[in-house]
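Engineer: structure here, sequence nowhere to be found:
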């Protein structure tokens, strides 16, 4: 009996042991099952897939990136995310110091950002970085840092800094396009975000690269990246232009300057620069991103005489040798006085060479208001040229916006010499390019092509003729007379070694709105011309704003033109005059031999 009792006790004890083990295993399995279920639920993830903004490239043989978007992280302060151990003042001070150091922002900025974020739904921007080391320093150092939210974004960068900044434009800190190509082509450049829904693999829930298990993806909308834009502007030519503008402004104590280089045959813009410039990567406030080359109308002065000369020749009113009696002393007309730099009879050619105002005032009287207005519009003045940039000004043929029928008696003597009319630099260089191009006016353009992320051509810029204001033989005569300006006249300093230059100087008084009259101290100094004169390839305009004490176009703008033209001719490998002549002789010889 005693043995049976012991056996029963052993069986009961073993049974109880098995029950305890089974209950333990069951509880453990239940724990794992519930824990895994919770984990999977926690890992359910929706992620935004960034649609990257398209890049902007220059038009050189090896395209240079002028604007590009890079993946980055945006860090925000949210003090509701402080861990318990970081809620003490001493711990918070460590966080403020560490975040300020890593993001290289003032400590006060960090502290005020955390002070602003008073609940879980409010956060304040701390900074943006594309550096993985910054991410790791802020998001993986849980021992010292908490209370920071992060989201993946794309940040805009301008690798060339200030170069071409007035054309390229920029995005503000909120990612909004503000100026230039960035603004004009917002719809082409911007990307569209996609989404992906699935479950994380659980390896690292705070990893900077989110990992979704492919087999768990149940919703996927791919991102659409923006188109890439290629400009006609060449960064090599642009660099030369910007360098010369900076040196000119500093040398002549000017307020600013702008310049354009254009292909005379196609209308393509090869360079467009404004000084002072700005760096779109680090705007501090106070910089001017206004593109004066297209947005600032100004009275051009004597560079307008080229258009007046072309009009008078085209209308058969005069020839280059026609004598004009300029009288002696100031030219008095309709109660006004006009400065006279010659006396007696002066030929049209000489009047142009020495830039005599009276000769061209009298040509204006011969042309009369209707024809003056028609030729101004025929050369592209008074209307926007529809360049692919925002904020292009149209200028005004009449400051009071009057029809030519309403002009007073003085007006026809002033517009022909570049007074009482406002133009943009783009309009002026385009008119000169028409003279260089045999009288054919082209639409200026600066977008060469737009290409999709997959390489498909979305748009291609093409040369477009928009008018023929003068006959080819008239254009040729004007070109010859423009050569005289640079070889014997007011444009001697515009000459380029090895090349014949055709051009015209201009010195225009700035209008002083405070006194309602022309300033006696402030001037626009200009030079516009093209190279080579008899077989033009490109044109150049330089305008310098309020140079002092020297302010004339021949002394201030012409030397800048010379430097820009020389650098451009070298870069484009334009044959010097002597080699061009040899080349023409060889071509004629070949033709004779093949007859």
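Structural biologist: It's in. Since the structure is predicted, the reported quantities are computational estimates derived from the model, not experimental observations.

Engineer: for the protein, give me the ranges with low pLDDT.
Structural biologist: Applying pLDDT under 70 to the chain flags the ranges 1-43, 117-121, 201-211, 286, 581-595.

Engineer: surely residue 443 is in contact with residue 466?
Structural biologist: Yes: using C-beta atoms under 8 Å, residue 443 makes contact with residue 466 at a distance of 4.8 Å. Heads up, the C-betas are built off the backbone N, CA and C, glycines and all.

Engineer: what's next to the helix or strand containing residue 134, contact-wise?
Structural biologist: Secondary structure from DSSP states H and E places residue 134 in helix 132-139. Contacting residues not belonging to helix 132-139 are listed as 73, 75, 98-99, 102-103, 129, 145, 148, 150, 206, 208 [C-beta atoms under 8 Å, 6 or more residues apart in numbering].

Engineer: and the helices in the stretch 101-250 of the chain?
Structural biologist: Along the stretch 101-250 of the chain, counting by DSSP state H, counting those that start in this stretch, helices occupy 107-116, 132-139, 165-168, 180-184, 186-189, 235-251.

Engineer: which one of those helices lies nearest to residue 346?
Structural biologist: Relative to residue 346, the nearest member of the helices of the stretch 101-250 of the chain by C-beta to C-beta is helix 235-251, separated by 32.0 Å.

Engineer: by contact count, what packs against the next helix-or-strand element following the closest one?
Structural biologist: Sequence-wise, the next helix or strand downstream of helix 235-251 (DSSP H and E) is strand 256-263. Helices and strands touching strand 256-263, by 3 or more C-beta pairs under 8 Å, 6 or more residues apart in numbering; DSSP states H and E, are helix 235-251, strand 269-275, helix 292-295, helix 425-436, strand 538-545, helix 558-572.

Engineer: who wins for proximity to residue 527 among the ones you listed?
Structural biologist: Across those, residue 527 has its closest neighbour in helix 558-572 (4.4 Å, C-beta to C-beta).

Engineer: all strands for the stretch 451-595 of the chain, in order.
Structural biologist: With DSSP state E, counting those that start in this stretch as the criterion, the stretch 451-595 of the chain has strands at 457-460, 465-467, 502-512, 517-531, 538-545.

Engineer: coming back round to it: now, the contacts of helix 132-139 that are in strands?
Structural biologist: Using DSSP state E, 73, 75, 129, 148, 150 are the members of the contacts of helix 132-139 that sit in strands.

Engineer: now for the residues you listed: which two are most distant?
Structural biologist: Greatest spatial distance among the ones in strands among the contacts of helix 132-139 (C-beta to C-beta): 129 and 148, at 12.1 Å.

Engineer: joint contacts of these two?
Structural biologist: Shared contacts of residue 129 and residue 148 (C-beta under 8 Å, 6+ apart): residue 75.

Engineer: contact partners of whichever strand or helix holds residue 95?
Structural biologist: Under the criterion of DSSP H and E, residue 95 resides in helix 89-103. Residues from elsewhere that reach helix 89-103 (C-beta under 8 Å, 6+ apart): 75, 77, 82, 85-86, 105-107, 109-111, 114, 126-127, 129, 134, 137-138, 141, 144-148.

Engineer: please spell out which residues along it are buried.
Structural biologist: Neighbour-count burial for helix 89-103 flags 91-92, 95-96, 98-100, 102-103 (criterion: 16 or more other C-beta atoms under 10 Å).

Engineer: and the angle for it with helix 107-116?
Structural biologist: Interaxial angle, helix 89-103 versus helix 107-116 (axes from the mean of the first three to the mean of the last three C-alpha atoms, to 10 degrees): 120 degrees.

Engineer: relative to helix 89-103, how tilted is the helix holding residue 134?
Structural biologist: Using the same axes, to 10 degrees: helix 132-139 against helix 89-103 is 170 degrees.

Engineer: quick one: helix 132-139 to chain centroid distance?
Structural biologist: Distance of helix 132-139 from its chain centroid, counting by C-alpha atoms, centre = their mean, to the nearest Å, is 34 Å.

Engineer: can you check stretch 92-107 too?
Structural biologist: Computed by C-alpha atoms, centre = their mean, the chain-centroid distance of stretch 92-107 equals 35 Å.

Engineer: for stretch 488-501, same thing?
Structural biologist: From the chain centre to the centre of stretch 488-501 is a distance of 31 Å (C-alpha atoms, centre = their mean).
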